[in-house]
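# Model the structure of this input:
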Amino acid sequence: MKPTKSPRRTNLAHFSGHETFPLRQMWLKKAFDRSDGGGLMQKSTFTEENAVAVFGVGKNMVSSIRHWALACGLIYEVDDGFRVGGMATEIFKNEGLDPYAENPSTAWLAHWQLAGKCFRSTTWYWLFNHVTAPTFTRLGLEEPLANFARDLDPKHRLSNSTISRDLETCLRSYAPRASGGSPEDLAEPLLGELGLLQEVHKGQFAFRRGPKGSLHDGVFAYALVDFWNRAAAGQSSLAFETIAYAEGSPGRVFKLDEESIARRLIALSDLTGQKLAWTDSAGLRQVHRNNLTKEDIRNMIRRAYD
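Next comes the predicted model:
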């Protein structure tokens, strides 16, 4: 959830760390609360003997919390341990923007970090950027995902069971089981509230494309700039088609329809004080950026919690 220096897509496939537990609502807050006043966290935070008691969850869940904190950009590794991102501190500190992850914008930002970038979340990125079938099953996704992983990292050897578990965790992050399983299975995952994925029949899933009422324009604007900085750094304008359909774009990752994207792009000028501006002239639809600063990007996220 850092608006600056976000991890770029790497050529390494990553399919482990969550211990098959989807991200829960309070887990990012639990991780944040282990940092000191300066935003630093010791390397032993998630492995020390009393970690289970401190976090109030089982040992495997402590490992899962560490994974999700890294994958969602809450913390990042430094030489002396972990450091909390500046914007993450604004969100999760006591009296912060959303310390208990109750605002949908927090879940949308987490989704963007997972599915908008190929960093510790290969399956999330691949699912939302490469799967175009109207419906799909976990079993049907396993082989194409394995092929994608081999293309990313030819030296990495993955078992079918690893791929299968990661896919199951990803799908259940957005479409949790309706019944059965353990109480932990029934706990609502943070991403389940976004309505991005549904189980249309038992074991068969489909994306929910269209307008997303809980997606704030501030989160959309932040995601647009984040994508822009990675995909077309140095360009002063970005075409509508790229925003809507390119790999890693807000259109793909948020599963928005063209009308919804256009409406949000038109609103950018007022939202950003004309730092981002939409034009539609002679059939050329694009967004222009002008002197956008890091503080402007932070303000996009802050607006999402107004």
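
# C-alpha only now, for contacts and for neighbours.
Noted.

# Look up the closest residue to Trp27, ignoring the ones flanking it.
Ile65 (5.9 Å; C-alpha to C-alpha, 6 or more residues apart in numbering).

# Just the element for the one you found, please.
Remark: Ile65 resides in helix 59-71, with elements defined by DSSP states H and E.

# for the stretch 51-200 of the chain, what spans make up the helices?
Ranges of helices in the stretch 51-200 of the chain, per DSSP state H, counting those that start in this stretch, are 51-55, 59-71, 86-92, 104-115, 122-130, 138-152, 160-174, 183-186.

# that older thread, any idea how many residues pack against the residue nearest to Trp27?
27 (other C-alpha atoms under 10 Å).

# hang on, the earlier thing: enumerate the positions of the helix holding Ile65 that are buried.
59, 61-71 (16 or more other C-alpha atoms under 10 Å).

# do the same with stretch 128-135
128-129.

# end to end, how far does that stretch reach?
Stretch 128-135 has its terminal residues 13 Å apart, counting by C-alpha to C-alpha, to the nearest Å.

# Same list as before, the buried residues of helix 59-71 that is, but in CSV and with pLDDT and distance to Pro211 included.
Formatted as CSV, these follow (pLDDT from 0 to 100; distance: C-alpha to C-alpha, whole Å):
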residue, pLDDT, distance to Pro211
Lys59, 95, 39
Met61, 97, 34
Val62, 97, 35
Ser63, 97, 35
Ser64, 97, 31
Ile65, 97, 31
Arg66, 97, 32
His67, 97, 30
Trp68, 97, 27
Ala69, 97, 28
Leu70, 97, 29
Ala71, 97, 26
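
# Check the residues you listed and tell me the two furthest apart.
Using C-alpha to C-alpha, the two most remote members of these are Lys59 and Ala71, lying 18.7 Å apart.

# Would you agree the residue nearest to Trp27 is in contact with Lys29?
No. Look at Ile65 against Lys29 with C-alpha atoms under 8 Å: they stay out of range, at 9.7 Å.

# Distance check, the closest residue in space to Leu196 that isn't next to it in sequence against Arg263.
Distances taken as C-alpha to C-alpha, 6+ apart place Arg208 nearest to Leu196, at 5.1 Å, with adjacent residues excluded. Relative to Arg263, Arg208 is positioned 18 Å away (C-alpha to C-alpha).

# which of these two has more neighbours?
Between Arg208 and Arg263, counted using other C-alpha under 10 Å, Arg208 has the larger neighbour count: 16 against 12.

# Report the separation between that one and Thr47.
39 Å.

# Same question for Gly273.
Taking C-alpha to C-alpha, one finds Gly273 at 46 Å from Thr47.

# neighbour count winner among these two?
Neighbours were counted for Gly273 and for Thr47 using other C-alpha under 10 Å; Thr47 has more, 14 against 10.

# about what we covered before: to His18, which of the helices of the stretch 51-200 of the chain lies closest?
When those are compared (using C-alpha to C-alpha), the closest one is helix 59-71, at 4.2 Å.

# helices and strands around the closest one, which ones?
Under the contact criterion of 3 or more C-alpha pairs under 8 Å, 6 or more residues apart in numbering; DSSP states H and E, helix 59-71 touches helix 27-32, helix 51-55.

# so Pro99 sits right up against Lys93, yeah?
Yes. In this structure Pro99 lies within contact range of Lys93 using C-alpha under 8 Å: 5.7 Å.

# Those two - which one has more neighbours?
Remark: of Pro99 and Lys93, Pro99 carries more neighbours, 22 against 15, as counted by other C-alpha under 10 Å.

# nearest spatial neighbour of the more buried one, skipping sequence neighbours?
Nearest to Pro99 is Phe92, by C-alpha to C-alpha, 6+ apart, at 3.9 Å.

# Pipe the helices of the stretch 51-200 of the chain into JSON lines and attach distance to Ala267 per row.
Output for the helices of the stretch 51-200 of the chain, formatted as JSON lines (distance: least, C-alpha to C-alpha, whole Å):
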{"stretch": "helix 51-55", "distance to Ala267": "42"}
{"stretch": "helix 59-71", "distance to Ala267": "30"}
{"stretch": "helix 86-92", "distance to Ala267": "23"}
{"stretch": "helix 104-115", "distance to Ala267": "18"}
{"stretch": "helix 122-130", "distance to Ala267": "25"}
{"stretch": "helix 138-152", "distance to Ala267": "36"}
{"stretch": "helix 160-174", "distance to Ala267": "28"}
{"stretch": "helix 183-186", "distance to Ala267": "38"}
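
# winner for burial among those helices?
helix 104-115 (a mean of 24; mean count of other C-alpha atoms under 10 Å).

# what's the spacing between Val225 and Lys294?
10 Å.

# more crowded one of these two?
Val225 (21 against 10).

# Need the pLDDT of the more buried one.
The predicted structure scores Val225 at 98 on the pLDDT scale.
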